[in-house]
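> Sharing a model prediction with you, sequence too.
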Amino acid sequence: MNYLGLLSSLLFLSNLDAFHYSKLAQYVDSHQEEYVEVLREWVAVESDSSNILKRSHVHHMMDVTAQKLRQLGGTVQLINIGNQELPDGQTITLPKVVTAQFGNDVNKSTVCIYGHTDVQPAKPEDGWATDPYNLTEVDGNLYGRGASDNKAPVLAWIHAVEAYKMLDMELPVNVKFVIEGMEETGSNGLDSMILAHRDTFFSDVDYIIISDCGWLSRKPALTYGTRGNCYFFAEVQGPKQDLHSGVYGGTVIEPMTDIVGLLDTLISPSGKILVPGIREAVAPLTDDEWKMYQDIEFDLDHYKSKIGVDQLMYSNKVDLLAHRWRYPTVSIHGIEGAFSDPGTKTVIPAKVTAKFSIRQVPNMEPATVEKQVRDYLHSGFAKRKSPNTLKVTMVIGAKPWLADIQDPLYEAGKAAVKRVFNSEPDMIREGGTIPIAKTFQDVTGKSIIMIPIGGFDDGLHSQNEKISRYNYIEGTKLFIAYLHEVAQIKKDTV
């Protein structure tokens, strides 16, 4: 064998590949102002999926998304996913799901990119320093609702495909998109859509990529797991109407007293979940996980400073990350029916509904958690001997998702991060819930990777949400590089 000739050929191919990446990266740099303007146009659409009065904006956002993909020459469809039933019994049309396809070469792998273009609610009076729907750049940060979650990542994937096409370079893989408009309210209708198109649109998909998450620190990351979410309403009904506390206080057993007492039994001051059976179901932390968490870049002092607290539940990095990612938590979100406006109101609410959630992890099952919580609360309520009535309902039962970090998808991700950022990525999990990941895994059976480009301080769902120009532009380059790296998987296994 001519080893010198083989080495020469490998060096030539490597240099050619580097030249192509350099050219693509230069294209991205030269078009970054255009990318920012497109993001500004998208942020200006108030696509708040939780507010039915803004549903027309969500429909418009899906049309805008479809048009952007059509401009690149993709085969684009707007898929009708049915209606949404409102609490008052009315129904409204759900936003259509946008699908697109670029390339159908049977000799190439096919990746499917998932994203969403709906957003959380935002009002200037909530504490925004800028207009949430007018993208504003301050010190290299692009502020606006949906900038990081999830409009910039969706656009970065579109820009990545566009760069290949505008430079007349062949896409290294076939690329499909699935973009929805109801993620922030539970992805209504999407599970059914995926199941209905499993043997058509998804039949030739090899890998699924999600970029609806963020880095843990200033270091790039790849995400391999998310927690699930069991969300509960606990309703206590008492008298037939609200009562004056001066006239009736001391004579009735108040629903608010009952519900506060029940909530106090869910979790201890030290964070221990008190519902029997939940902690016992959790998969134990392995030695390999402990070592991985130990090596992750994470600063506890900066974390405390960022969220504005003096003390955390745990004082070391491994414990904190483990309880943020791979242990269940109970969070109490609020009480409906209670007086919460400014000022004073001496009222005894007739009915109150507590809202709380349990973030679930492997090996917990939503149906089991629902029974455990319902039985536990009803047992505790019976001990109170209250004449009021208790109703416990689980309104969300989203499963956790976990990937195999030895999957070639993650090796491709590491190579892409190395190429763009010249560093190894942190391998992280996400404490939040992305239900569609588990649906994709269960319905299609395909490997899934989460590749975040959002910053650790982007303020998702919060006031002053932003994405940095750096993450937006370098993230586009990361996606370009990943399309190349994931194409090598099939080649390497031939």
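On my side now, so go ahead. Residues are numbered from 1 along each chain as shown.
> make it CA atoms for all contacts and neighbour counts henceforth
Will do.
> Residue 278 - nearest residue in space that isn't next to it in sequence?
residue 369 (7.0 Å; Cα to Cα, 6 or more residues apart in numbering).
> ok, now residue 324?
Nearest residue to residue 324, sequence neighbours excluded (Cα to Cα, 6+ apart): residue 431, at 5.4 Å.
> again, but for residue 91
Nearest residue to residue 91, sequence neighbours excluded (Cα to Cα, 6+ apart): residue 85, at 4.3 Å.
> Got the phi and psi for the one you found?
For residue 85, the backbone dihedrals (degrees, to the nearest 10) come out as phi -90, psi 130.
> any idea how far it lies from residue 248?
Between residue 85 and residue 248 the distance is 38 Å, computed by Cα to Cα, to the nearest Å.
> next one: residue 229
Distance from residue 229 to residue 248, counting by Cα to Cα: 39 Å.
> between the two, who's got more neighbours?
The residue with the greater number of neighbours, taking residue 229 and residue 248 and applying other Cα atoms under 10 Å, is residue 229; the counts read 26 against 13.
> count of residues packed around the residue nearest to residue 91?
Residue 85 sits with 11 neighbouring residues when counted by other Cα under 10 Å.
> Also the one 4 residues further on?
The number of residues packed near residue 89 is 7, by other Cα under 10 Å.
> From here on, call the first residue 17.
Okay, using 17 as the starting number, the last item reads as residue 105.
> how close does it get to residue 402?
In this view, residue 105 and residue 402 are 32 Å apart by Cα to Cα.
> model confidence over stretch 194-201, on average?
Confidence over stretch 194-201 (mean pLDDT, whole number) is 95.
> Can you give me the buried ones in it?
When neighbours are counted by 16 or more other Cα atoms under 10 Å, the buried residues of stretch 194-201 are found to be 194, 195, 196, 197, 198, 199, 200.
> List just the nearest of those to residue 113.
residue 196 (4.8 Å; Cα to Cα).
> Relative to residue 434, how far out is the closest one?
In this view, residue 196 and residue 434 are 31 Å apart by Cα to Cα.
> circling back to that earlier point, what residues does the residue nearest to residue 340 make contact with?
Taking Cα atoms under 8 Å, 6 or more residues apart in numbering as the criterion, residue 447 is in contact with 242, 243, 340, 341, 342, 375.
> Ok, residue 440 next?
Residues counted as contacts of residue 440 (Cα under 8 Å, 6+ apart) are 236, 430, 433, 434.
> how about the helices of the stretch 17-166 of the chain, start to end?
19-46, 48-59, 71-87 (DSSP state H, counting those that start in this stretch).
> any idea which of those helices scores lowest on pLDDT?
If those are sorted by mean pLDDT, helix 19-46 sits at the bottom with a mean of 65.
> quick one: pLDDT of residue 509?
For residue 509, the pLDDT comes out at 53.
> hmm, back to that, which of the buried residues of stretch 194-201 fall within strands?
Members of the buried residues of stretch 194-201 lying in strands (criterion: DSSP state E): 194, 195, 196.
> can you tell me the helix or strand for residue 285?
With the criterion set as DSSP states H and E, no secondary-structure element contains residue 285; it sits in neither a helix nor a strand.
> where does it sit relative to residue 60, distance-wise?
Distance of residue 285 to residue 60, computed by Cα to Cα: 42 Å.
> Show me which of those two is the more surrounded one.
residue 60 (19 against 8).
> which residues touch the closest residue to the more buried one other than its chain neighbours?
Taking Cα to Cα, 6+ apart, and ignoring the residues beside it in sequence, residue 60 has residue 149 as its nearest neighbour in space, at 4.7 Å. Residue 149 makes contact with 59, 60, 61, 62, 160, 161, according to Cα under 8 Å, 6+ apart.
> Could you find the closest non-adjacent residue to the last one?
Using Cα to Cα, 6+ apart and skipping the chain neighbours, the partner closest in space to residue 161 is residue 148 (5.1 Å).
> Just the strands from the stretch 117-266 of the chain, written as ranges.
Applying DSSP state E, counting those that start in this stretch to the stretch 117-266 of the chain gives strands spanning 126-132, 152-154, 157-159, 190-196, 223-226, 237-242, 245-253, 259-260.
> Tell me which of these sits nearest to residue 166.
Put simply, out of those the one that sits nearest residue 166 is strand 126-132, at 6.0 Å, with distance taken as Cα to Cα.
> Could you give the separation of that closest one from the chain centroid?
Offset of strand 126-132 from its chain centre (Cα atoms, centre = their mean, to the nearest Å): 14 Å.
> If you count contacts, what does that strand end up packed against?
Applying 3 or more Cα pairs under 8 Å, 6 or more residues apart in numbering; DSSP states H and E, one finds that strand 126-132 contacts helix 168-182, strand 190-196, strand 223-226.
> So which of these is nearest residue 122?
Using Cα to Cα, the nearest of these to residue 122 is strand 190-196, at 8.7 Å.
> Now the helices of the stretch 17-166 of the chain in CSV, please, with extra columns for distance to residue 322 and mean neighbour count.
What follows is the helices of the stretch 17-166 of the chain, written out as CSV (distance: least, Cα to Cα, whole Å; neighbours: other Cα atoms under 10 Å):
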stretch, distance to residue 322, mean neighbour count
helix 19-46, 30, 14
helix 48-59, 25, 18
helix 71-87, 32, 19
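> Nearest approach to residue 292 belongs to which of those?
When those are compared for distance to residue 292 using Cα to Cα, the nearest one is helix 71-87, at 41.2 Å.
> Against which helices or strands is the closest one packed?
The criterion is 3+ Cα pairs under 8 Å, 6+ apart, and the helices and strands that helix 71-87 contacts are strand 91-95, strand 113-118.
> could you dump the last one to CSV, C-alpha only?
Read it as strand 113-118. What follows is strand 113-118, C-alpha atoms only, in CSV (Å, rounded to 0.1, in the frame of the first residue of the first chain):
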residue,chain,number,x,y,z
VAL,A,113,-47.4,23.0,11.4
VAL,A,114,-44.8,23.9,8.7
THR,A,115,-42.9,21.1,7.1
ALA,A,116,-40.1,21.6,4.5
GLN,A,117,-37.7,19.4,2.6
PHE,A,118,-34.4,20.2,1.0
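> would you list every one of the helices in the stretch 367-510 of the chain?
Secondary structure of the stretch 367-510 of the chain (DSSP H, counting those that start in this stretch): helices located at 382-400, 424-437, 451-460, 485-509.
> ok, now the stretch 217-366 of the chain?
Using DSSP H, counting those that start in this stretch, the helices of the stretch 217-366 of the chain run over 261-264, 271-279, 303-311, 316-323, 333-341.
> Residue 209 - nearest residue in space that isn't next to it in sequence?
Of all residues not flanking residue 209 in the chain, residue 97 sits nearest, at 6.4 Å (Cα to Cα, 6+ apart).
> And for residue 435?
residue 497 (7.3 Å).
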